[in-house]
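**Q** one predicted model, sequence on top.
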Amino acid sequence: MTDWQVVWLAVMAVALAVMAVIQVRLAIIGMRAARDLTAALAELRREVRPIVDKVHRIADDAARVTSLAVIQVERVDRMVSTTAARVDDAVGVLRAAMGGPIRQGAAVLMAIHAIVSAFRQRPSGDRATRDEEDQLFVG
């Protein structure tokens with residue numbers, strides 16, 4: 001071996017050692033970064049967990065309120081339906097109670113009207129001659 005071969009062999013050995021040191025250093029930096037990232041994620045989970053729990057409680061409360069509102073709306077609907085049915089029944093009873101007397105009263109009024117009309121249309125002596133004279137009038 002010549003001196004140059006030894007020099008180049010030494011340069012390669014040093015370069016190899018430097019590369020190994022750099023690779024070990026990068027591996028150590030990568031491991032620290034992974035550990036820091038893991039710690040940050042764990043901290044984030046600890047901070048976000050109460051928020052997620054609160055959101056779940058809010059969703060549960062909203063579901064409960066919605067179910068209560070549906071129940072109340074159904075109760076109001078039943079009450080309105082029952083009230084409408086009772087009002088219809090009351091109107092039917094009122095019509096039945098008032099319908100007969102009103103029809104009878106109308107029949108009595110028509111009879112009175114017919115009697116009055118019959119007396120008005122009865123020919124009297126003065127009126128008949130006056131009507132005949134009016135027809136003969138040319139003017």
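**A** Yep, that arrived. Numbering: from 1, shown residues only.
**Q** Val116: neighbour count?
**A** Using other CB atoms under 10 Å, Val116 has 10 other residues around it. For the C-beta atoms, the positions are set from N, CA and C on the backbone; glycine is no exception.
**Q** which SS state does it fall under?
**A** Counting by DSSP: H, G, I helix; E, B strand; the rest coil, the backbone at Val116 sits in helix.
**Q** pLDDT score for it?
**A** In the prediction, the pLDDT value recorded for Val116 is 84.
**Q** that one and Met110, how far apart?
**A** In this structure, Val116 and Met110 are separated by 11 Å, where distance is defined by CB to CB, to the nearest Å.
**Q** now swap in Val14 and tell me
**A** Val14 is 135 Å from Met110, where distance means CB to CB.
**Q** which stretches of the protein form helices?
**A** With DSSP state H as the criterion, the chain has helices at 3-121, 125-136.
**Q** and the shortest one, what's its mean pLDDT?
**A** Mean pLDDT, helix 125-136: 60.
**Q** and what of stretch 6-18?
**A** On average, the pLDDT along stretch 6-18 is 94.
**Q** what's the distance between that stretch and the middle of its chain?
**A** The chain centroid and the centroid of stretch 6-18 are separated by 80 Å under CA atoms, centre = their mean, to the nearest Å.
**Q** number of nearby residues for Val87?
**A** Applying other CB under 10 Å, I find that Val87 has 10 neighbouring residues.
**Q** how close does it sit to Leu41?
**A** Where Leu41 is concerned, Val87 sits at a distance of 67 Å (CB to CB).
**Q** which of the helices of the chain has the lowest average pLDDT?
**A** helix 125-136 (a mean of 60).
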